[in-house]
Structure formats: C-alpha cells, structure tokens
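Visitor: output the structure for:
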Amino acid sequence: MDKKLLAVLACPICKGEVKYNRDAQELVCRADGVAFPIRDGIPVMLEQEARTLTVDERLDKS
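Guide: Purely as a prediction, here's the structure:
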C-alpha cells in the first residue's frame, strides 16, 4: 500500500484514521470496529463492503 495514499485515506463512517493490515489486505478503523478490503491494490472504502472486527481484533493493540 502506498504510504502517501494511506496518509490521506480516512474512514468513510467517522472520518477517523485507518490502519493498514498487510496480512489481511484491509484498512482497519478501530473507532468503528470495521475493516475495509483492499482488492487488486485498491481500497474499497464503502460502508456496505466493510466487515465488523471480531472481539479479539478489537482488543488487539498492534
């Protein structure tokens, strides 16, 4: 994921910060507890495409 692109992306729900999860190829918004997929290198920042984080993912501080 391009660092410049990551710096300007925000959660479409709360407009907060998103973190890149390289292993899952997702952008995670901890404030809303959702993860947005990255497909073919393109972030899909649509609320209806987001998945809800599990309890364990929400508690993970990394």
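Visitor: ok so Arg58 is a strand residue?
Guide: No - read with DSSP: H, G, I helix; E, B strand; the rest coil, Arg58 is helix and lies in no strand.
Visitor: that one touches Ala31, doesn't it?
Guide: No - between Arg58 and Ala31 there is no contact under CB atoms under 8 Å: 10.5 Å. For every residue, glycine as well, the C-beta is placed using N, CA and C.
Visitor: would you state the helices of the protein in chain order?
Guide: All helices of the chain, identified by DSSP state H, fall at 3-8, 55-59.
Visitor: can the ones you listed go into TSV with extra columns for mean neighbour count and mean pLDDT?
Guide: Compiled in TSV, the helices of the chain are given as follows (neighbours: other CB atoms under 10 Å; pLDDT from 0 to 100):
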stretch	mean neighbour count	mean pLDDT
helix 3-8	9	89
helix 55-59	10	88
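Visitor: figure out which of those is closest to Glu26.
Guide: helix 55-59 (10.0 Å; CB to CB).
Visitor: contacts for that closest one?
Guide: Counting contacts by CB atoms under 8 Å, 6 or more residues apart in numbering, the residues outside helix 55-59 that touch it are Val28, Arg30, Gly33, Ala35.
Visitor: and those, which is the shakiest by pLDDT?
Guide: Across those, no position has a lower pLDDT than Arg30, which has 93.
Visitor: for it, give me its contacts.
Guide: Lys19, Leu53, Arg58.
Visitor: pull out the buried positions in the longest strand along the chain.
Guide: In the chain, taking DSSP state E as the definition, the longest strand is strand 34-39. The neighbour-count check on strand 34-39 (16 or more other CB atoms under 10 Å) flags Val34, Ala35, Phe36, Pro37, Ile38 as buried.
Visitor: which residues touch that strand?
Guide: Under CB under 8 Å, 6+ apart, the answer for strand 34-39 is 1, 11, 13, 18, 21, 24-29, 43-46, 49-53, 57.
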